[in-house]
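Visitor: Predicted model and sequence follow; I will ask about them next.
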Amino acid sequence: MKMTRKIAVTSIIAATALLATSAFAKDRTTGRGTGPVVYVESQGLFYDSIVLADLPSNGRFQQLKPGEGPSGLATEFGPGDVGYLGGRWWIDANGNDYMDDGDAFFLCPLLGPGRSVL
């Protein structure tokens, strides 16, 4: 069961990264990292990211919202903001609007500096 969950979480992360970057790949000629571009709502900036690992569901996590923001992936806080947790994210994978064991948890730091264009 644990391996099935790990595969599911990895698939969610990969699908989110693909969804967030594929629609805008033609517009984005430079960037760094292996992960998607994340839009930080409080700053109005875009950040490249690097996907490092999936994590167990214990500890503090910040919500990452697929299908939102101009890049297709958004969060409220980014580097320098109170509330940014260094790239410890959760995605509401089961759609119940709160963080629980049915969601995806992973480490994907944002790479500064942020930029105003995708």
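Guide: Nice, I can see it.

Visitor: The chain: helices as residue ranges?
Guide: Secondary structure of the chain (DSSP state H): helices at 2-22.

Visitor: By mean pLDDT, point me to the weakest helix or strand of it.
Guide: Comparing every helix and strand of the chain by mean pLDDT, DSSP states H and E singles out helix 2-22 as the least confident one, with a mean of 52.

Visitor: what mean pLDDT does stretch 43-61 have?
Guide: Across stretch 43-61, pLDDT averages out at 94.

Visitor: buried sites along that stretch?
Guide: Neighbour counts over stretch 43-61 (16 or more other C-beta atoms under 10 Å) mark Gln43, Leu45, Phe46, Tyr47, Asp48, Ser49, Val51, Asp54, Leu55, Phe61 as buried. In this view, the C-beta of every residue, glycine as well, is placed from N, C-alpha and C.

Visitor: Next one: the last one from Leu118, what distance?
Guide: When you say that, I think you mean Phe61. From Phe61 over to Leu118 the distance is 25 Å, taken as C-beta to C-beta, to the nearest Å.

Visitor: again with the fifth one
Guide: As defined by C-beta to C-beta, Asp48 lies at a distance of 11 Å from Leu118.

Visitor: which residues are common contacts for these two?
Guide: When contacts are counted by C-beta atoms under 8 Å, 6 or more residues apart in numbering, Asp48 and Leu118 have Val37 as shared neighbours.

Visitor: residue contacts, the spatially most central residue of the chain?
Guide: In the chain, the centroid-proximal residue (C-alpha atoms, centre = their mean) is Leu64; its distance is 4.9 Å. Counting by C-beta under 8 Å, 6+ apart, Leu64 touches Thr16, Val38, Leu73, Ala74, Thr75, Trp89, Trp90, Ile91, Cys108.
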